[in-house]
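Enquirer: this is the structure alone, sequence omitted:
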């Protein structure tokens, strides 16, 4: 309160917008990561990674939208412009382009990068998050979209959340077909996508202004809003007057999602556009059924990114699934309370004279693969059992001088209080 | 070769000194991480994490040695000075200081941070690495040192490397006692530690110059080299004329390491000093027996860091174990060749008409927890079995029109070529 720049309260905080993970928070983060990794492996995605530091040049090559203004950039001592990556996809495109002749396609890769964006700190939004990325590169059919969506739902399943989430999908190709049909020329589509992505964040009047600012006349801007009134894919087909390839792809996606067991978990929603500039085909976003939270995951097909970073043209589908929103949903549904790691065995001892015996006992159980919480100092029995009895371990051994004299340990089951005597020289491990 | 700044060869590379992890390299990294995490859990260490971005102020508060010059620093848009952390310990100290009144001590925590140093690029040294950190905070006895060392050896064990590594330990407290005994005043000890840590990197004449530059006279600098000739702890005690507490602690460490089953894996070595300024007591470094590589892990006791970052004084022991050197040792010993992830099942199909059936089969096995590599496009049987037969999966199902007509799949074991018929409507999951 003295206005000093370095008061006690801020002295120990992480940098603004960044998170610390104390062990309790780390267990929750691990629960989310475990679900992501488990689902990716069930679906045969191979893990990769790239450094959180990326060259600014690569991010510029991808270029396009507002994200570039939000990048943390810095210069190394040789004058190289570097950045903390705001997303993983440009790094993925770079890695694939580097070995495009040697890799076997279609390839299915996943990663869990930490990504940084310098954002205004609204409603607790952070400046970093972890984002599970699933990508299938080199497969033009919607089997790729269906596969990444089914894998994301398997991760939700592993978190106990699958019934609480629905994915909304549309297609920029379909939107383009509809806009062309209503007389909006192709060169105005990109600006329309970026404006439409702001729906829900700003009001329709503002979107109208954005469309007009993008060079559209009032009649065409009105037509865009007519498109947004389309409720079903059949309505879209009626307006188009034909089942365009873009409409057929969405029908096919619906069938494949049914085959994946996701009937009822996915719906066509003309309003889904996505903010990133590089999407070219089907796009999707998943929300909790109550729409209390921001998008849980999102993604779509991008056909030009490999080319934009300097590789050969190749189609791809990507999905990004952040740790923050799903963490909020897990908290909201009370699904995180049960997570806590229990040791298999706690080992304590009364006096320093029993310390080496305690170490030998702990070592034996650890060698057999058990997780053993061993005291690093002597303590009274009451203190030891008080500490480990509160769900910290399944079993406990407390060693006193009599135990060492007899060469025995008493293995106490902390759930049912039963006790077993074991010879110290006949332990596992 | 044209001298263009952005040639094809560098266009797809990661920033200088940073690593990409393609799936093959990622499997190796995961094998190392799995051993670290497995050992930490067996030993009851709780996982934590902090953001790779840290405030430069915190790193300056810790202060001291050359590391500060090697930090990647940058400024955010509000003028805050930030840095990519060069090591985790200052962040750990900050997090503990923030909750020093609420946490239960002694605490045992671990993390696997990525750390950055702007170094000259000598012999393939990287500018980033991952470093397993084990810390025990609040325990003054050498039980803490013994516990972190035993845990590090368990990780080596899990990698199949324990017989190939030996830890060398000494004590800055013992070195101080010896220097005082030989007439070197305490204010010259810190400079002596930093000079001695350069042994092996520069020749003894240069270390002599460093000692003299630090204010020591020639006789005292000579005495420092006499100390380095001490071969055993008994020699040190003889020179001291008494079993000082620093000597007793080293004797006790030796006994506790024996109890941990590490007899023969650890030895007293007066030459171990460590480079970081904050160590105050026992210090250690582990090397491969052939001394082909740099230190595999290192660490020691630091008693002043909590205080230096603004918390209350508290003793701590830390160990850092990087992924690069142990990776080189694993390669050298041929211990990484066996690592490869095999899917439980590969599913392929002949024609698009069987795609949905294939998805249903894959979904069923995935729901039962199996890892299933499903083709996202139709392919000829020969192409499918050629692709998955090379160790990519344990079992395979290839679906043609006849299978769908009969409602059956043929589950082929790729190891022994046996085949089992299963009804499609009676699959697991």
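Expert: The structure has been received and is ready for your questions. What you see is a predicted model; the values in this text were computed from it and never measured. Residues are numbered from 1 along each chain as shown, chains lettered A, B, ... in the order given.

Enquirer: where do the helices of the stretch 51-200 of chain A begin and end?
Expert: In the stretch 51-200 of chain A, helices defined by DSSP state H, counting those that start in this stretch lie at A:56-62, A:89-98, A:143-158, A:172-181, A:189-196, listed in chain order.

Enquirer: near chain B, which residues of the stretch 101-250 of chain A are found?
Expert: For the stretch 101-250 of chain A, the residues found near chain B under the criterion CB under 8 Å from any CB of the partner chain are A:104, A:106, A:108-109, A:114, A:116, A:118, A:128, A:136, A:139, A:141, A:143-144, A:146-147, A:150, A:154. In this view, the C-beta of every residue, glycine as well, is placed from N, C-alpha and C.

Enquirer: pretty sure residue A:397 is touching residue A:350, no?
Expert: No - with contact defined as CB atoms under 8 Å, residue A:397 and residue A:350 do not form a contacting pair (11.8 Å).

Enquirer: which of those two has more neighbours?
Expert: Taking residue A:397 and residue A:350 together and counting by other CB atoms under 10 Å in any protein chain shown, residue A:397 has the greater number of neighbours (23 against 20).

Enquirer: show me what the more buried one is bridged to.
Expert: For residue A:397, the beta-bridge assignment (DSSP bridges) gives partners residue A:347, residue A:411.

Enquirer: close to chain B, is stretch A:282-302?
Expert: No - no part of stretch A:282-302 sits close enough to chain B to count as contact by CB under 8 Å from any CB; the gap is at least 13.0 Å.

Enquirer: just to revisit the earlier point, what about the helices of the stretch 51-200 of chain A, which gets the closest to residue A:249?
Expert: Nearest to residue A:249, of all the helices of the stretch 51-200 of chain A, is helix A:172-181, at 7.4 Å by CB to CB.

Enquirer: show me what counts as buried in the closest one.
Expert: A:172, A:173, A:174, A:175, A:176, A:177, A:178, A:179, A:181 (16 or more other CB atoms under 10 Å in any protein chain shown).

Enquirer: could you look up the SS state of residue A:299?
Expert: For residue A:299, the secondary-structure state derived from DSSP: H, G, I helix; E, B strand; the rest coil is strand.

Enquirer: which pLDDT value goes with it?
Expert: What the model reports for residue A:299 is a pLDDT of 96.

Enquirer: touching, it and residue A:144? I think so.
Expert: No - contact criterion CB under 8 Å: residue A:299 and residue A:144 do not qualify, at 10.7 Å.

Enquirer: what touches both of these two?
Expert: Contact with both residue A:299 and residue A:144 is made by residues residue A:317, according to CB atoms under 8 Å, 6 or more residues apart in numbering or on different chains.

Enquirer: wait, is residue A:386 part of a helix?
Expert: Yes - the assignment for residue A:386, made by three-state DSSP, places it in a helix.

Enquirer: how much space separates it from residue A:396?
Expert: Applying CB to CB, to the nearest Å, the value for residue A:386 to residue A:396 is 11 Å.

Enquirer: okay, the two: which has more neighbours?
Expert: Under the criterion of other CB under 10 Å, the comparison of residue A:386 against residue A:396 puts residue A:396 first, with 23 against 11.

Enquirer: so what's that one closest to, chain neighbours aside?
Expert: Closest residue to residue A:396 apart from its sequence neighbours, by CB to CB, 6 or more residues apart in numbering or on different chains: residue A:346 at 4.5 Å.

Enquirer: got the confidence number for that neighbour?
Expert: In this model, residue A:346 is scored at 95, pLDDT.

Enquirer: just the one 4 residues further on next, same as before
Expert: Turning to residue A:350, the model gives it a pLDDT of 97.

Enquirer: can you give me phi and psi for it?
Expert: Dihedral angles phi and psi of residue A:350 (degrees, to the nearest 10) take the values phi -80, psi -50.

Enquirer: wait, it touches residue A:400, no?
Expert: Yes - with contact defined as CB under 8 Å, residue A:350 and residue A:400 form a contacting pair (4.3 Å).

Enquirer: find residues that contact each of the two.
Expert: Counting by CB under 8 Å, 6+ apart, the residues touching both residue A:350 and residue A:400 are residue A:381.

Enquirer: contact partners for residue A:37?
Expert: Taking CB under 8 Å, 6+ apart as the contact definition, residue A:37 lies against A:47, A:112.

Enquirer: quickly find the element holding it.
Expert: In this structure, residue A:37 sits in helix A:23-42 according to DSSP states H and E.

Enquirer: quick check: mean pLDDT across that helix?
Expert: For helix A:23-42, the mean confidence score works out to 95.

Enquirer: likewise for stretch A:145-154?
Expert: Averaged across stretch A:145-154, the pLDDT comes to 97.
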